[in-house]
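> Here is my input; please provide its structure:
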Amino acid sequence: KPVLILDGGVSTHLERKLSKAVDGSSEKSPFAHRELWSSSLLLTPDGCGAIRDCHRDFLLAGADIIETVTYQVHYTPLPGKENDLQRLRLEDDAVDKMLQDGVKLAREAVEQHRAQTGKLAHIAASIGSLGGALADGSEYTGRFGFCIRDNTLCLGMRGSIECAKGSEE
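Residues are numbered from 1 along each chain as shown. Here you go, the predicted model:
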C-alpha cells in the first residue's frame, strides 16, 4: 500500500506568510483570536483566501492529504472569567459556518490542483480537542480548569464531525 503524505505545519506556514505580508516581519501574529489560532482566518474573506492558498502550497509541495484549518473550532461553550472580555464566544451557527467553510476551501484547493496537475488529493477534517479551543495548553494535559461532563465533550465532538461530514454535499 502506498504511503500518503499529510500536510503539516499549516498554522506556522500561514503565520509566517501573513505576518510578512502585513508588516514585513514575523513579529506579530496575523490570527485575530488566540482561542481560534489559524481558524480565526475563516472569519474573513482575506483569511479564507490565505487558507486556500496555503492548501495549494502544500499540494504543490507534494502533500496527498490536506487538513481543514478547523482544529480550534469547537461547539462546547468556553468558560471565561467574569472580567475576561477578550474570550471569544461563538454561536453554533458560526461554528457550523466555520467548519463548512473549512471543508469548502480545502475542496476548492483540491479541485483546482486536480484540474491543473491531474493529481488526486484527499481532505481530512481537523477536529480538535476542547483544550485546543481553550488555547491554554490543556489540550496536552486534559486539565481544563473547570468541571465538564464527558457527554458534553462527546456531543461537541459529534457535532463537529457531523457538520464537517455534512459539507460533503
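> drop to CA atoms for contacts and neighbour counts, all remaining ones
OK.
> next SSE after the lengthiest helix in the chain?
Identified as the longest helix of the chain according to DSSP state H is helix 92-117. Sequence-wise, the next helix or strand downstream of helix 92-117 (DSSP states H and E) is strand 122-124.
> List the neighbouring strands of that next one plus their orientation.
Using DSSP bridges, the strands paired with strand 122-124 are strand 65-67 (parallel).
> So what's the gap between the partner strand and the chain middle?
On the basis of Cα atoms, centre = their mean, to the nearest Å, strand 65-67 sits 11 Å off its chain's mean C-alpha point.
> can you check stretch 112-125 too?
Mean C-alpha position of stretch 112-125 versus that of the full chain (Cα atoms, centre = their mean) differs by 19 Å.
> contacts for that stretch?
56, 59-60, 63-68, 70, 103, 106-107, 110, 161, 164 (Cα atoms under 8 Å, 6 or more residues apart in numbering).
> I'd like the mean pLDDT over that stretch, please.
Across stretch 112-125, pLDDT averages out at 95.
> Generate a PyMOL selection restricted to the buried subset of the contacts of stretch 112-125.
Filtering the contacts of stretch 112-125 down to the buried ones (16 or more other Cα atoms under 10 Å) takes a single PyMOL command:
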select buried, resi 56+59+63+64+65+66+67+68+70+103+106+107+110+164
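> between the contacts of stretch 112-125, which is closest to Ser129?
Set against Ser129, the nearest of those by Cα to Cα is Thr70 (10.9 Å).
> part of a helix, is the closest one?
No. Counting by DSSP: H, G, I helix; E, B strand; the rest coil, Thr70 is not part of a helix but coil.
> check contacts around it.
By Cα under 8 Å, 6+ apart, the residues touching Thr70 are 39, 98-99, 102, 125-128.
> one more time with 10 Å, if that's ok
Neighbouring residues of Thr70 by Cα atoms under 10 Å, 6 or more residues apart in numbering: 36-42, 95, 98-103, 125-128, 160, 164.
> and it, what pLDDT?
Model confidence at Thr70, given as pLDDT, is 91.
> One more: Glu108?
The model's pLDDT for Glu108 equals 96.
> For burial, what's the neighbour tally of the nearest residue to it once chain neighbours are set aside?
Spatial nearest neighbour of Glu108, chain neighbours left out: Arg52 (7.5 Å); criterion: Cα to Cα, 6 or more residues apart in numbering. Look at Arg52: counted by other Cα atoms under 10 Å, it has 21 neighbours.
> how far away is Val110 from His55?
Val110 is 8 Å from His55, where distance means Cα to Cα, to the nearest Å.
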